[in-house]
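[1] Okay, predicted coordinates and the sequence, questions at the end:
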Amino acid sequence: MSEKTTTSKTGFTAYIEVLGHYIEESLAKGEQLGLILVDLDNLRRVNTTMGYEAGRQMLVEAAQRLEKICRPRDRIIQYSDQGFALLLAGMHNEGHSELAANKIWRMFEEHVEIVGHRIVIEVSIGIALCPAHGKDASVLMQAAEAAQCVATATSQWCLYTPSVTAEATGLVGIEAELDTALAEGQLEMHYQPKLCLPDCKPNGVEALMRWFHPDRGPIRPDIFIGMAERIGKIEDLTWFALNTSLRQLREWPLKGNPFNVAINVTPQIVQKEEFSQLVSNALQVWDVEPAQLTIEVTETALMTKPEESFRTLNALRELGVRISIDDFGTGYSSLAYFKNIPATELKIDRSFVFKMLDNAGDRQIVQTVIDLAQGFGLKVVAEGIENSETEAALIAMGCDTAQGFYYSKPLSHHDICGWLAQRLSSCEAIAPA
Ligand code: G
Ligand code: G
Ligand code: MN
């Protein structure tokens, strides 16, 4: 690998800075800059099915292939766990960037041998040009990401056009509107039930944020949460999620049943020392028992700054708050790390649950996570259950909690009240005296 590639993860901020310099230079010289994002779509899967060494080799192979299309002034940066950005300086026109994307696409059609397996590195490629699609780093990045969204959906590379934005999400430029969203009550928490297996009695919900934009309609959190992190609004949103969830929990018709609400937090939040104090304050304000609150954090989030994250999670555990490791199985934690995570619950990522009936590898991962959880005395939640066959298989495998569209989609506060009233009374009706 040459010095053209930054293989260690530099962090998003550092990456945006470099992109900013490239943009400035291109604008000063009156040149065009091409930004090509290449995501390795099957990296997570390779990590979990073939081991992390395989994933590492896949990243190295990908970087080597990408270097082949780089000229001396170009730069490759690994800007996320599975994403590379190519900064192509002095592009002549759109056609050139398309040529480059085509080349990348064809290079990745070739198999690679990794730890004794022949695999294809699946990529999605999004392209944006400066100045045509953006003259600052975050706008240009958004355009390339929007193009990449379309590329993923269509299994092709995609060059940004304004219609791509509409097609992907319609979202370039909404950053500034997030403030208004909070102030004007456009944000809501929705709640998806979690049920005890095998009797399917609800014992909690996962709180999921929704943004109902007056013009653009509903916007999903996987779009605006990352954005909030980048622009320094994530604390406000987390505070909103925490307080709204605890307040509404008190209004649900629980009839004395033990019940828990889980909120999702991002890496930045879980690394903050004061987060446990904020949680403690919120619990007091709403007079909710700590054990009624779960903090969901992804496995990968813990790995970015393990020391800080573990300290916060330990403090939360001391309060009596529950800790759930979200998307478990897709991250990078080794067992040595894992044994130190102060978790109370593992959530099996829905990508494994979806395919577990047809795919022996996925089924094995599900069983392994269940066994791991039981071995460590943790609860285990399967998310993404969409049918009764999957439910039956999970019960047989010893899974203790279920979540998925099969039971319910995330519901508004009003609708979850109705759902819970009905479910809890029908559970009572069939419970043995
Ligand atoms: O509900 P939906 O599929 O749209 O959620 C998409 C992603 O957004 C999920 O990974 C979920 O964890 C995340 N998410 C949803 N609500 C919140 C929230 O309030 N805070 C954070 N940090 N993430 C959330
Ligand atoms: O990453 P996280 O686990 O926080 O993501 C939760 C998201 O998963 C929610 O946005 C929710 O809409 C989605 N989800 C929950 N159950 C199902 C399901 O059965 N099928 C699908 N496709 N998505 C689901
Ligand atoms: Mn979650």
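    It's in. Ligands and ions are numbered 1, 2, ... in the order given.
[2] pLDDT weak spots in the stretch 101-250 of the chain?
    Filtered on pLDDT under 70, the stretch 101-250 of the chain yields the residue ranges 153-155, 163-173.
[3] just checking, what packs against whichever strand in the chain runs longest?
    In terms of residue count, the longest strand belonging to the chain (DSSP state E) is strand 201-213. Helices and strands touching strand 201-213, as assessed by 3 or more CB pairs under 8 Å, 6 or more residues apart in numbering; DSSP states H and E, comprise helix 177-183, strand 187-196, strand 217-219, helix 221-230, helix 234-249, strand 260-264, helix 413-430. Every C-beta, even on glycine, is put in place using the N, C-alpha and C of the backbone.
[4] how far away is the most centrally placed residue in the chain from Asn264?
    In the chain, the C-alpha nearest the mean C-alpha coordinate belongs to Asp222, at 6.6 Å (CA atoms, centre = their mean). Distance from Asp222 to Asn264, counting by CB to CB, to the nearest Å: 11 Å.
[5] try Ala14
    Taken as CB to CB, the span from Ala14 to Asn264 is 25 Å.
[6] Looking at the two, which one has more neighbours?
    Asn264 (21 against 13; other CB atoms under 10 Å).
[7] Quick check: closest non-adjacent residue to His96.
    Gly34 (7.0 Å; CB to CB, 6 or more residues apart in numbering).
[8] And the pLDDT at the one you found?
    Listed pLDDT for Gly34 reads 96.
[9] Is it in a helix, a strand, or coil?
    Going by DSSP: H, G, I helix; E, B strand; the rest coil, the secondary structure assigned to Gly34 is strand.
[10] Name the residues of the helix or strand where Met58 lies that come out as buried.
    For Met58, the element it lies in under DSSP states H and E is helix 52-67. Across helix 52-67, burial judged by 16 or more other CB atoms under 10 Å covers 54-59, 61-63, 65-66.
[11] would TSV of those with pLDDT and distance to ligand 2 be doable?
    Shown next, in TSV, are the buried residues of helix 52-67 (pLDDT from 0 to 100; distance: CB to the nearest ligand atom, whole Å):
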residue	pLDDT	distance to ligand 2
Ala54	92	24
Gly55	94	20
Arg56	94	24
Gln57	95	27
Met58	95	23
Leu59	96	23
Glu61	96	28
Ala62	96	25
Ala63	96	28
Arg65	95	30
Leu66	95	29
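[12] a markdown table please, covering those residues and showing distance to His111.
    Below are the buried residues of helix 52-67 laid out as a markdown table (distance: CB to CB, whole Å):
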| residue | distance to His111 |
| --- | --- |
| Ala54 | 14 |
| Gly55 | 17 |
| Arg56 | 18 |
| Gln57 | 13 |
| Met58 | 12 |
| Leu59 | 16 |
| Glu61 | 11 |
| Ala62 | 13 |
| Ala63 | 17 |
| Arg65 | 12 |
| Leu66 | 17 |
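[13] Nearest to Gln422, out of those: which one, please.
    Gly55 (44.7 Å; CB to CB).
[14] so how far is Ile36 from that closest one?
    22 Å.
[15] what residues does this protein put near ligand 1?
    208-209, 220-222, 225, 241, 264-266, 410 (CB under 6 Å from any ligand atom).
[16] 5 Å - rerun?
    208-209, 220-222, 225, 241, 264, 266 (CB under 5 Å from any ligand atom).
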